[in-house]
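[1] Next input, structure requested:
(2 chains)
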Amino acid sequence: KAGVTQTPRYLIKTRGQQVTLSCSPISGHRSVSWYQQTPGQGLQFLFEYFSETQRNKGNFPGRFSGRQFSNSRSEMNVSTLELGDSALYLCASTPGTSNTEAFFGQGTRLTVV
Amino acid sequence: AQSVTQLDSQVPVFEEAPVELRCNYSSSVSVYLFWYVQYPNQGLQLLLKYLSGSTLVESINGFEAEFNKSQTSFHLRKPSVHISDTAEYFCAVSDNNAGNMLTFGGGTRLMVKP
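    From the prediction side, this is the model:
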């Protein structure tokens, strides 16, 4: 069974640009969550999508958005990039039942210059 | 609101020595607890989890953790560490009201020395 796939692995963007990151969950999993990891703030929850609906949202500005498609693949978008958005963005895939094991992808390393 | 505190940001230890990584949580409802491990430039891998039942949970690679409700702790232990255990370890909590949202501690870097 294939794991969670995140693309791209690395990105370099300029301040003010926007970026889209992609996550393909494990086959059959219906929930996708996104996390931001930085040295200063650690791992912070961005949002969770389940059956194409946002089910939970963390404390991030509206520049951070996401969506989920009917095949459970998810994208997150960050608009008007700031230097502080440089981070490892991790996607987690879960079958859908709350509190079960979350499987993480390898992440997308975003650098904003 | 939930919170997780990992008391040690770094733990150096010699190979074959025992180790304990501490984790305390705060929550007003029943919780589910997890330990994840992260190797350099990798995502997170689940080490072990407590959902219900026995308060002592074990992983296949020799780690164990004990859920202590009265002390709101979920410390991770291993009786004898190996060089390959060098990594960052994250404690996380979830509950029935949070969907699949995980709240993570700040992480503990385990450094195993030969």
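
[2] Only C-alpha atoms from now on, for both contacts and neighbour counts.
    Will do.

[3] and the residue of chain B found nearest chain A, how far is that from residue A:106?
    For chain B and chain A, the shortest gap (C-alpha to the nearest C-alpha) falls at residue B:43, measuring 4.1 Å. Distance, residue B:43 to residue A:106, using C-alpha to C-alpha, to the nearest Å: 4 Å.

[4] Next: residue B:7.
    On the measure of C-alpha to C-alpha, residue B:7 and residue A:106 end up 26 Å apart.

[5] Which residue of the two possesses the greater neighbour count?
    residue A:106 (22 against 14; other C-alpha atoms under 10 Å in any protein chain shown).

[6] ok, now which ones touch that one?
    Contacts for residue A:106 (C-alpha atoms under 8 Å, 6 or more residues apart in numbering or on different chains) come out as A:4-6, A:9, A:90, B:41-44.

[7] Chain B contacts on chain A?
    Contact residues, chain A versus chain B (C-alpha under 8 Å from any C-alpha of the partner chain): A:31, A:33, A:41-45, A:47-48, A:55-56, A:90, A:94, A:96-107.

[8] What about residue A:39, how many residues nearby?
    Neighbour tally, residue A:39, other C-alpha under 10 Å: 9.

[9] Check residue B:97 too.
    For residue B:97, the neighbour count with other C-alpha under 10 Å is 12.

[10] What pLDDT is listed against residue B:84?
    With respect to pLDDT, residue B:84 has a value of 95.

[11] Relative to residue A:45, how far out is it?
    Taken as C-alpha to C-alpha, the span from residue B:84 to residue A:45 is 29 Å.

[12] Which one's more surrounded, these two?
    residue A:45 (21 against 10).

[13] Just the buried ones out of the contacts of residue A:106, please.
    Neighbour counting by 16 or more other C-alpha atoms under 10 Å in any protein chain shown classes A:4-6, A:9, A:90, B:43-44 among the contacts of residue A:106 as buried.

[14] Now the residue of chain A found nearest chain B. Its backbone dihedrals?
    At 4.1 Å from chain B, residue A:106 is the closest residue in chain A, using C-alpha to the nearest C-alpha. Dihedral pair for residue A:106: phi -80, psi -10, per degrees, to the nearest 10.

[15] so what sits against both of residue B:43 and residue A:106?
    residue A:90.

[16] Show me what residue 5 is bridged to.
    Defaulting to chain A. Taking DSSP bridges as the rule, residue A:5 bridges to residue A:24.

[17] my bad, chain B
    residue B:24.

[18] The one 5 residues further on now?
    Residue B:10 has the following beta-bridge partners by DSSP bridges: residue B:109.

[19] wait, what's in contact with it?
    B:108-111.

[20] Is it possible to get a markdown table of those that adds pLDDT and distance to residue B:22?
    Formatted as a markdown table, the contacts of residue B:10 follow (pLDDT from 0 to 100; distance: C-alpha to C-alpha, whole Å):
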| residue | pLDDT | distance to residue B:22 |
| --- | --- | --- |
| B:108 | 97 | 9 |
| B:109 | 97 | 12 |
| B:110 | 97 | 12 |
| B:111 | 97 | 15 |
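
[21] Can I get those residues in a markdown table including neighbour count?
    Supplementary listing: these in a markdown table, determined by neighbours: other C-alpha atoms under 10 Å in any protein chain shown:
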| residue | neighbour count |
| --- | --- |
| B:108 | 21 |
| B:109 | 19 |
| B:110 | 22 |
| B:111 | 20 |
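
[22] can you give me the strands for chain A?
    A:5-7, A:10-13, A:19-24, A:31-38, A:42-50, A:53-57, A:64-68, A:74-78, A:87-94, A:103-104, A:108-112 (DSSP state E).
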